[in-house]
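1. need the 3D shape of this:
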Amino acid sequence: MMSGTPHSLTLSTGTPIPTLGLGTWQSAPDVVGAAVKAAIKAGYRLIDTATCYQNEEAIGTAIQELIKEGVVKREELFITTKAWTNELAPGKLESALEESLKRLKTDYVDLYLAHMPTAFNDDMTEKIAVSVEEIWKQFDAIHKKGLAKAVGVSNWNEKQIKKALDLNLTPVHVSQVELHLYFPQNEHVAFCKKHNIIVTSYATLGSPGRVDFQLPNGGKLEWAPAPQDMEDQSVKDLAAKHGKTPAQILLRHTLQRGLTMIPKSTNEARIQENHDIFDFQLTHDDMAKLQGTQVLQRLFLQDFMEGHPEDAFADERVKK
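-> Next up is the predicted model:
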């Protein structure tokens with residue numbers, strides 16, 4: 001178990017990964033530093049970012065300041081970042097990671113993920129027909145160089161992960177996917193557990209803040225109507241039963257499924273609240289109540305992948 005971390009799982013590399021981390025999607029550079037500091041002081045040891053979040057530099061600065069203050073040591077932290085679609089193009093991954101390392105002010109990341117299974121050109125106007133096997137060969141190379149202690153994927157489907165595993169190179173250590181009460185990903189979790197892959201949940205609380213997301217050009221995405229996980233009656237009943245918030249019930253439920261998670265917040269009180277989930281337990285009946293939900297809805301459709309030969313959700317789009 002990591003120093004200062006109440007709970008961790010073990011990667012197939014033998015290294016622990018904290019079960020709870022701070023997500024930083026939509027956390028602007030001018031606020032993310034304070035959020036990272038609050039999280040680490042609250043006991044978080046995993047910080048999750050990505051090239052396309054455009055906040056790596058502010059995160060790196062905040063971490064360095066805490067290290068200098070003696071609050072934490074680099075080896076006690078677990079830093080995850082991700083390669084965006086343009087960085088998955090042939091020959092680009094290593095230099096992309098080196099740039100991320102400079103911004104994060106570290107000489108390695110604990111986990112580097114392929115943010116999507118689809119490669120594009122720099123402004124995403126052209127799809128690049130690179131196979132997931134070719135993408136994974138690049139991740140194998142940077143892992144063997146020690147630039148990333150562990151490597152994994154995000155938004156890949158099981159068939160794509162199996163193709164990477166079948167190369168018999170560095171195995172996939174982590175799969176990060178949308179996973180929450182109303183999209184439990186039972187098949188994906190079973191597949192990953194069978195292959196000794198740790199699953200990280202994003203949007204664990206149903207991502208209520210997604211509707212406020214703004215594109216770099218100021219535009220907003222359109223989101224399909226969806227019920228809110230935190231408004232689920234069973235969640236609210238269990239919150240009352242345990243003297244916890246609906247968010248804490250959802251996080252605890254995910255924890256007890258044997259998964260890791262990265263709830264995003266820049267609010268110090270909420271960052272602390274999200275961390276206060278290690279002092280109670282959901283019963284078997286509680287878990288069954290939550291797993292009996294009839295709602296099944298993916299929120300993040302990643303429509304830009306449509307038409308790409310490696311579109312991870314092509315089968316789901318056909319069903320519609």
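2. where along this structure do the helices fall?
-> Here the chain has its helices, by DSSP state H, at 29-42, 56-68, 93-104, 132-144, 158-165, 186-194, 233-242, 246-256, 268-275, 284-291, 314-319.
3. and those as CSV, adding mean neighbour count, distance to T204 and mean pLDDT?
-> In this view, the C-beta of every residue, glycine as well, is placed from N, C-alpha and C. Formatted as CSV, those follow (neighbours: other C-beta atoms under 10 Å; distance: least, C-beta to C-beta, whole Å; pLDDT from 0 to 100):
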stretch, mean neighbour count, distance to T204, mean pLDDT
helix 29-42, 19, 15, 97
helix 56-68, 19, 20, 98
helix 93-104, 18, 24, 98
helix 132-144, 19, 25, 98
helix 158-165, 18, 20, 98
helix 186-194, 15, 13, 98
helix 233-242, 16, 12, 97
helix 246-256, 23, 5, 98
helix 268-275, 18, 9, 97
helix 284-291, 14, 13, 96
helix 314-319, 10, 20, 85
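4. out of the ones you listed, nearest to M305?
-> Closest to M305 of the helices of the chain is helix 314-319 (C-beta to C-beta; 8.0 Å).
5. which one of the helices of the chain lies closest to S8?
-> helix 246-256 (11.2 Å).
6. I'd like to know which elements that closest one is packed against.
-> Applying 3 or more C-beta pairs under 8 Å, 6 or more residues apart in numbering; DSSP states H and E, one finds that helix 246-256 contacts helix 233-242, strand 260-261, helix 268-275, helix 284-291.
7. and the angle from that helix to helix 233-242?
-> Helix 246-256 runs at 90 degrees relative to helix 233-242, counting by axes from the mean of the first three to the mean of the last three C-alpha atoms, to 10 degrees.
8. just the angle between helix 246-256 and helix 284-291, please?
-> Angle of helix 246-256 versus helix 284-291, following the same axes, to 10 degrees, is 110 degrees.
9. ok, the closest residue to E231 other than its chain neighbours - contacts?
-> Leaving aside its chain neighbours, E231 sits nearest to P246 (7.7 Å; criterion: C-beta to C-beta, 6 or more residues apart in numbering). By C-beta atoms under 8 Å, 6 or more residues apart in numbering, the contact list for P246 reads D229, M230, E231, D232, V235, K236, A239.
10. and of those, the nearest to P184?
-> Using C-beta to C-beta, those come closest to P184 at D229, 10.6 Å.
11. which ones are touching that closest one?
-> Contacts of D229 (C-beta under 8 Å, 6+ apart): H180, L181, Y182, L205, G206, V235, P246, L250.
12. look up how far M124 lies from the residue lying closest to the third one once chain neighbours are set aside.
-> Leaving aside its chain neighbours, Y182 sits nearest to V295 (4.2 Å; criterion: C-beta to C-beta, 6+ apart). With distances taken as C-beta to C-beta, to the nearest Å, V295 is found 31 Å from M124.
13. same check, this time on L101
-> For L101 relative to M124 (C-beta to C-beta), the value is 24 Å.
14. one step back: so which two of the contacts of D229 are the farthest from each other?
-> Farthest pair in these (C-beta to C-beta) is Y182 and P246. Separation: 13.1 Å.
15. identify the contacts common to the two.
-> Residues touching both Y182 and P246 by C-beta under 8 Å, 6+ apart: D229, D232.
16. dump the helices of the chain to a markdown table, plus distance to D212.
-> What follows is the helices of the chain, written out as a markdown table (distance: least, C-beta to C-beta, whole Å):
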| stretch | distance to D212 |
| --- | --- |
| helix 29-42 | 14 |
| helix 56-68 | 20 |
| helix 93-104 | 25 |
| helix 132-144 | 31 |
| helix 158-165 | 30 |
| helix 186-194 | 27 |
| helix 233-242 | 22 |
| helix 246-256 | 17 |
| helix 268-275 | 15 |
| helix 284-291 | 27 |
| helix 314-319 | 25 |
